[in-house]
Structures are given as C-alpha cells and as structure tokens.
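[1] what follows is a protein structure lacking sequence information:
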Ligand code: HEM
C-alpha cells in the first residue's frame, strides 16, 4: 500500500508526522512552564506540593515525546540528525543536560537522603523549564535564520562557528522565539494547573494561578509579534525545484504563507485558540483553557515547521555554504525505510487513544490538598 | 576522510559512550526485571486478596521509581550521543535504525510512560484489575523499549538486510525483517533482557536477605525471596542458554571476538575451553610465548561451543590476522588491501560522477562493489589494529560465565530453603545473598565489555571503524562534556544510593 507512494510524498508525510510530534511536544511543555511557576504560585508547602504532584504525573509524557521527536528525526531525516547534533554541539548538549536534571528531580526532591536537598531539585526544575525551553526555541529558530556548516561529499559535517551552535542564542530572532516558547509554556502550565487541581479551600491560590496566565500572555506577546513581523519581512532559503540550487529569496516565508492558505488559516486559528484559552481562564471560572491553549499551540507549531520546509524551502539552511542546506528531500531516509516506518505509524491512533483514555481515567478526580497531605502523602512527589 | 582523524577525540568519545552506557546499565537492568517482579507480586495480591502482597508490591515499587528516574536520565544522553559524538556513524546508519526506532518509539515508549503514572498514583483512582493491567504494561513496555537499541546493536555486530549506497554514502535498509530477526539481534535481546531479570532477582534477594539477617520484616522478606528465587532460577537458566547462542554467533560472525575472549592465539581442531586462567600479560601477537601462566581447560569444549561439532577447527587470533590458507581464512593484510581499493574507487566514482565522466564512474563502481565487503579495513593503519584488547575481554568473559554458574546455584539454594521454610537459619546463605546484587552488577558490566571491547576496532563490523564513525569535534569539547556528565551522573548516583538506603531502612509500610 504505502510502498507505491512516491518518495517525495513519503518525505512530506514524514515531515508532517515529525512536525506533529514536535508540536505535541510544544503543547506538553506545560510541564516545563509549570516548573518555572513553582515559586510564583506556590506560596505554601501544600500549594507547592499540589503543583509538583500535578505536573509530576505528566512529566514523563513530555519527556518521552521529546525522545520520540529526536528518534523520529533520526529515523526519517538522518542527515538533519547527524548535521545538527554533531554540528550544533553545545546547544544540544546544554538542552540535554537540562533534561537530565529534570528526570530525577520529581522523584528525588522530597525523598530523605537525597544529597542535594529539596531546593536544589526545585532549581533543577526551574532551569529545565527556562533555559531548556529557551534553547530549544533558539535551535528551532535556526530553521529560519540558518546555521554555519558545510557538508562534504560523504555528508560529513563541519561547523564553521567556534561556538558550535550556541551562536544561535545570539540572534534576536532566535532569542525571541525561545522566549516566546518559555512564556507560552508558562501560559500552558498555568492553564493545566487550573484544570488539574482541586482548589477547594485554596481560592487565593486559584486566583493567583489564573492571574499569572494572563500576565504570561502579556509577556509573550511582544516576542511573538517580533517573530511574526520578522518572518514576514525576512529573506528565506528557497530551493529551485528544477536544479535543487538553494538561494536567498526575499519575503520567502511570507510567500510560503500566501502560497499555502491552509497554513495561514492554521496560524490564525492557533493564535485565536491560545488567546481564547487565556481569556477564559483569566476572566471566567472555566477550567478548560488548557485544551484551547494546547490545540492552539499544536497548530502554531505545525505552521512553524511547515513554512520552514514546504513550498521549496530549505528547512535547515546553512548560511555559510548555501548549497549544504538541508531540505526534506535531500535529508531523508530511503524509500524502503520510510515505507516501513509508515506501516508502523498505523499504530499511532491506538497509542493516542490509550493515552487519552488513561489521562481521563486518572484526571477526572482532581488532585486535592487532602491527597497530597493524607495518609498516602509519603508516596507523593 | 582519514587525513582528518583525531585519535584523541575518538578515544574521548569512546570513553564518554562507555561511561554513559555503564551508568545506564546500573539502573536499566533493574528496571527490566523489577517491573516484572512487581507485576508478579501484585498479581498474587489481586488473586489472593491478601493485603501483605500489596504492601510487598508497593515497597518494591518505591525502589523501582527511584531507580527508574535515573535510568531515564542516562538513557536520553545515550540516544543523543549518537548524534553529537558519532555523527558520521549516525548518518551512515540512520536509514537502518529508522524503522526499529519507529517501532520502539510508537509501540513501547508510551506504554511505559502512560501506565507508569497509573502504577504509582492510580491505586485509589482506577479499579484493582486496571491497576494490575497497568503494572504489566509498564513491564512489557520497558522491556520492549530495550528492543530497538539491541536490534541496532545486533546490526552493528552483524550488518545484514542492507546495501551500501555510494551516492548517499550510507547504508540503506533492504529488508526490515532481516534486520529485526537477525540471529545476533535475537540473542542480544534475549540474553540482555534475561540478564536484567536475573539482576533484579538478585536485588530483591540482597535486600530481603539483609532484612532476614537483621530479623526485620521477616514475613515480607521471605515472600519476596520465594518469588524472586523462582524468577531468578528460570532467568539464569535462560541466560546460560542464550549466552551459549551468543557465543555460537560470535564464532561465525565475529570470530576475532571469540578468539579474544577465549584467549585463543593459535587456531586448533578440537579446541579446548579455558574454564579459568591467568593470561600472560607480556604475550604479543608475533611471539611464541605461552598465552597463559595458568589455565584449566575443558578439552574439545570450545569446538563444540563454536561449531556444535567436536573436533572442528576454531581459528585463533593469529589465523585471523595473518590468514590461514589451509582453513581458507583471509588475513587482515589482504582485507586491508581490498578495503583500500574500495575506499579509492568510491572516491574515484564520486569524482567521476561530479565531472560527468560516466564510463569512469561505472568502472569505479564495479570495482568498488567487488571490494565493498572490506570497506572498513581500508581505514586501518596496520593489521594488528584488528585485534581487540585480549586480556580485558578474556577476564570479562570468564567472570561473567563463572558468575552465571554461581547464580544458578544460588537461586536454587534460596528456593530450596525458602520452600523448606528454613531460610532464617542459613546465615551463610543469607550472607551470600546479601552481597549477590553486586556480583550481578559485575556480571552485566563484564557482558558489555565482552560485547563492545571485544568488537574493537569496529563501530560496524568490518565496515566502519570507530575512528571514522566520529563527529568532527575537537578532543577538548568531548573531554569537557565527558567530565560534565561524569560529574552529574556521579552526583545523581550518590543521591540515588542515599535515597535507596534510606527507603530500605524505613522498609515496607505496616510490616
Ligand atoms: C553462564 C553463561 C554465560 C554465557 C555463555 C554468556 C555469553 C555471552 C557472550 C558470548 C556475550 C557476547 C555477545 C556478543 O558477541 O556481543 C555476552 C554478553 C553479555 N552478557 Fe553474557 N553470558 C553468560 C552469563 C551472563 C550473566 C550471568 C550475565 C549477567 C547477569 C550476562 C550478561 C551479559 C550482558 C549484559 C552482555 C552484553 C549484551 C549482549 O551482548 O547480549 N551474561 N554473554
């Protein structure tokens, strides 16, 4: 069945799948966002405990999605994996580092004998939620601003900037995208907590959480605007479909948006959903803002990945050697492998279904103060 | 490619991978086995309704959770180290590993991650049956998660189901099933996961023995031991069986590894198996010194293990390096000559193709195809380079195997005395039990040393040496991250041990 599809169709399909995983990850960064809110919102040990336990039941899902994202990129676009990880060394190492320290923090934070003490593990969580997400944003930004590498005939990468990827964080565009993601994660984090915690007897805590969702949106907006305006005016890395030659094209990303009206609609819809999520959380008593914010984030994420790659665009451009730039067509796995993977991907709906089922099963009863302080308290995070 | 080689960077990258993998292997085998043990304990609880089994399951679950977190932390580094330190390798194999990785990511990872939360926090939220189901799913998911990486490892030891594409300069998959069901992949998966079951059974026995020695939590300890002894006994039998299978595979696909871990310098018909020995430290490839200062040999056994026929010929290190015409074995020198031809012709092909010289390109490609099976040898500097560190793998292999026999006996004794209800009186056995997890840890680490040091210098057997598999990085960068990870992993390990010891001291609730 899938074996009959053209290679270029499979490449597009896998770019869409990878984009979806990446965008779902962005939604799931509500965990990271929540981690950065720990001190702002949790004024008492019980409040903190509520937050940590609420987030702690989801951190693995986010983590696993990130791992899957890396794996899916290796699987479908190995040249990107090899070029970016082997080249932009320091950004990736630092990102990974922040996830290593996250992975133990929930489990270790409260346990007696944990060597570093509760505070340090909370700082770990904060670093993961701030530095980690910021750098991920900067790395994604290089899809548009380009990197400094060349590939030889054997596809070996040489990085031409001694900072080896960290230079990405010094571009205003990349930095703005990173900061936007940090604030967006905090928006989502707040909305998730509003949805997940039983605030009975903690009205102040609830009000504070709702208020900060709005404040974080206000913080995110300038960065979002900067990113959007830059995208509209900046030069992009276009590929000549006939010759495969890469060149700088003015207004490339704007023309991508206009050439793919569906993507433009996704962008507008995504932004409206996020904003509605925030408004309904901040100004009404509703608890379901996270779903609007989450879906909105996924849509905006998809737009970012799509305009970077579709419509004859190089998604991982090299500004040092334009012709080394990666496109979804020159960076992908073979027809055979993409076909085999597509069969495996048929399991995805099943996986999504049981995740949703378990999520509902576990979350219909909200986390309450009684639960985190009751007789089972020593089993909590 | 070769001119740019920076050997110190390669060595730092190898050290970093080894260090991360060894840390990872402190925690992961425990996850693999303990998840099943917990599922057994909980199954008994659900079946009998006896609350004590629930407390037992919960106690081991607490330790499982502490261990799990740090396994995840070391695992993510391994996944991405392929890209950061070994980017050339990643490019060359990405097409092969894609599909198994997709299976694992989609089918296994999320089972584990989703049901983990139910297992820990779902006691009051879901039904008893669904909770049990979740616990089983965590066990199945975590073991399936080991699949792709072991399939990938198996492929590196025995590349199959693929073709080298000269245009893209990488290996491309031709047959998914051949990769997934390669005999090496299967023996990797079975031997490795069952060694994890064994290790986890020892973990339970160690802590429970300590309780019995102290006279604490006696009921719970005895029950825990009973189940762990059965599981451990079955697993160790299986470990021996699959280990034998692995050795047979080595004889046919990686004969140099077998010769090295057996310390067999000169090939023999009816070769004996060294059961134990002291390797001669001054032994060199080109001298006639005896390979052992002392040895106990089981006659004919190695031939039997390697070829399933007594009296058959098993090649030694010298046969493999210098060749042996009588046995039709090509020497490394000859393979290097052909490998260099392959490398040259590949370069010529690429150049001709770029310049549009089609006939030259075609003839270069034809000659490349004749020699491509030796591609990796083209990058070696000397034939001796094809020999792994012999005594390291020799000792590692023998420690693993001897411990394998010891564990079999240990589980048997624990089972017998547990059934007779007289464990508490067997102080000597409890003492052995109380240290056994450290031996299990040692056996597992030794296993990986055999598998990985034993295949040097290859990243992909015969096709890609580690020196060419690397990223284009300075030694300093890799050195820095080496110490960065060493520091954080060590801190986390100390923290984990501290927490574990505290939890063990606290013991199961209400016991
Ligand atoms: C008693 C008989 C045993 C035999 C004959 C045996 C044999 C082997 C062989 C030949 C290898 C290398 C496979 C390769 O070529 O890569 C290996 C690897 C390994 N062994 Fe064993 N082994 C035994 C017992 C054990 C025990 C008791 C443990 C641990 C508790 C263990 C854990 C491992 C591990 C973790 C590896 C590396 C992974 C792999 O290659 O499968 N083995 N074993």
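    Noted; the coordinates are in hand. Being a predicted model, the structure only gives us computed values, none of them experimental. Numbers count the residues shown, from 1 in each chain, chains lettered A, B, ... in the order given.
[2] can you pull out the strands in the chain?
    All of this is about chain A. Here chain A has its strands, by DSSP state E, at A:149-151, A:157-159, A:236-239, A:246-249.
[3] that's the wrong chain, I wanted chain B
    Going by DSSP E, chain B shows strands at B:162-165, B:170-173, B:268-269, B:273-279, B:292-298, B:313-314, B:458-460, B:464-465.
[4] burial check on residue A:12, number of neighbours?
    Using other C-beta atoms under 10 Å in any protein chain shown, residue A:12 is surrounded by 17 other residues. C-betas here are computed from N, CA, C, even on glycine.
[5] in chain A, which residue sits closest to the ligand?
    Nearest residue of chain A to the ligand (C-beta to the nearest ligand atom) works out as residue A:71 at 21.2 Å.
[6] residue contacts, residue 267?
    Let's take chain A. When contacts are counted by C-beta atoms under 8 Å, 6 or more residues apart in numbering or on different chains, residue A:267 touches A:257, A:299, A:300, A:303.
[7] should've been chain B
    By C-beta under 8 Å, 6+ apart, the contact list for residue B:267 reads B:259, B:313, B:314, B:315, B:316, B:318, B:319, B:324, B:327.
[8] rerun that using 6 Å as the cut-off
    B:315, B:316, B:319 (C-beta atoms under 6 Å, 6 or more residues apart in numbering or on different chains).
[9] JSON lines for those, including distance to residue B:476?
    Formatted as JSON lines, these follow (distance: C-beta to C-beta, whole Å):
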{"residue": "B:315", "distance to residue B:476": "41"}
{"residue": "B:316", "distance to residue B:476": "40"}
{"residue": "B:319", "distance to residue B:476": "41"}
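[10] just the ones in helices from those residues, please.
    residue B:319 (DSSP state H).
[11] now the buried members of the contacts of residue B:267.
    B:315, B:316, B:319 (16 or more other C-beta atoms under 10 Å in any protein chain shown).
[12] and of these, the nearest to residue B:160?
    The shortest gap between residue B:160 and any of the buried ones among the contacts of residue B:267 belongs to residue B:315, at 21.4 Å (C-beta to C-beta).
[13] for that closest one, give me its contacts.
    Residue B:315 touches B:255, B:267, B:329, counting by C-beta under 6 Å, 6+ apart.
[14] now, which of the residues you listed lie within helices?
    Those of the contacts of residue B:315 lying in helices (DSSP H): residue B:255.
[15] near the residue lying closest to residue A:190 once chain neighbours are set aside, how many other residues are there?
    The spatially closest residue to residue A:190, leaving aside those adjacent along the chain, is residue A:213, at 3.9 Å (C-beta to C-beta, 6 or more residues apart in numbering or on different chains). Residues lying near residue A:213 (other C-beta under 10 Å) number 27.
[16] go on, the one 4 residues further on?
    Residue A:217 has 23 neighbouring residues, counting by other C-beta under 10 Å.
[17] residue A:278 is in contact with that one, correct?
    Yes: contact status for residue A:217 versus residue A:278: in contact at 4.6 Å, counting by C-beta atoms under 6 Å.
[18] which single one of the contacts of residue B:267 is nearest to the ligand?
    residue B:315 (15.8 Å).
[19] next, the contact list for residue A:336, please.
    residue B:173.
[20] one more pass at 10 Å, please.
    A:3, A:7, B:95, B:98, B:99, B:162, B:163, B:172, B:173, B:174, B:175, B:176 (C-beta atoms under 10 Å, 6 or more residues apart in numbering or on different chains).
[21] so what's the nearest residue to residue A:315 once chain neighbours are set aside up against?
    Of all residues not flanking residue A:315 in the chain, residue A:309 sits nearest, at 3.7 Å (C-beta to C-beta, 6+ apart). Neighbour list for residue A:309: A:11-12, A:15-16, A:18-19, A:77, A:143, A:256, A:315-316, A:326-329, A:331 [criterion: C-beta under 10 Å, 6+ apart].
[22] for residue B:314, what are its contacts?
    Contacts for residue B:314 (C-beta under 10 Å, 6+ apart) come out as B:251, B:255, B:258-259, B:262, B:264, B:267-273, B:302-307, B:327.
[23] among the helices and strands of chain B, which has the poorest mean pLDDT?
    Ranking every helix and strand in chain B by mean pLDDT, DSSP states H and E puts helix B:87-103 at the bottom, with a mean of 86.
[24] quick check, the residue in the stretch 151-300 of chain A closest to chain B?
    Distances between the stretch 151-300 of chain A and chain B by C-beta to the nearest C-beta are smallest at residue A:154, namely 4.4 Å.
[25] double-check that residue against residue B:347; I have them as touching.
    Yes: look at residue A:154 against residue B:347 with C-beta atoms under 10 Å: they come within range, at 9.3 Å.
[26] quick one: the helices in the stretch 51-200 of chain A?
    Secondary structure of the stretch 51-200 of chain A (DSSP state H, counting those that start in this stretch): helices at A:59-76, A:78-87, A:89-109, A:118-127, A:133-145, A:172-196.
[27] out of the ones you listed, which is closest to residue B:77?
    Here helix A:89-109 is closest among the helices of the stretch 51-200 of chain A (C-beta to C-beta), at 6.0 Å.
[28] helices and strands around that closest one, which ones?
    Judged by 3 or more C-beta pairs under 10 Å, 6 or more residues apart in numbering or on different chains; DSSP states H and E, helix A:89-109 is in contact with helix A:30-36, helix A:45-56, helix A:59-76, helix A:78-87, helix A:118-127, helix A:133-145, helix B:51-85, helix B:475-506.
[29] now the angle between helix B:475-506 and that helix, please.
    10 degrees (axes from the mean of the first three to the mean of the last three C-alpha atoms, to 10 degrees).
[30] wait, what's in contact with residue B:75?
    Residues near residue B:75 by C-beta under 10 Å, 6+ apart: A:67, A:100, A:103, B:20, B:23, B:24, B:27, B:28, B:31, B:145, B:149.
[31] which ones among the residues you listed map onto helices?
    Short answer: the contacts of residue B:75 in helices (DSSP H) are A:67, A:100, A:103, B:20, B:23, B:24, B:27, B:28, B:31, B:145, B:149.
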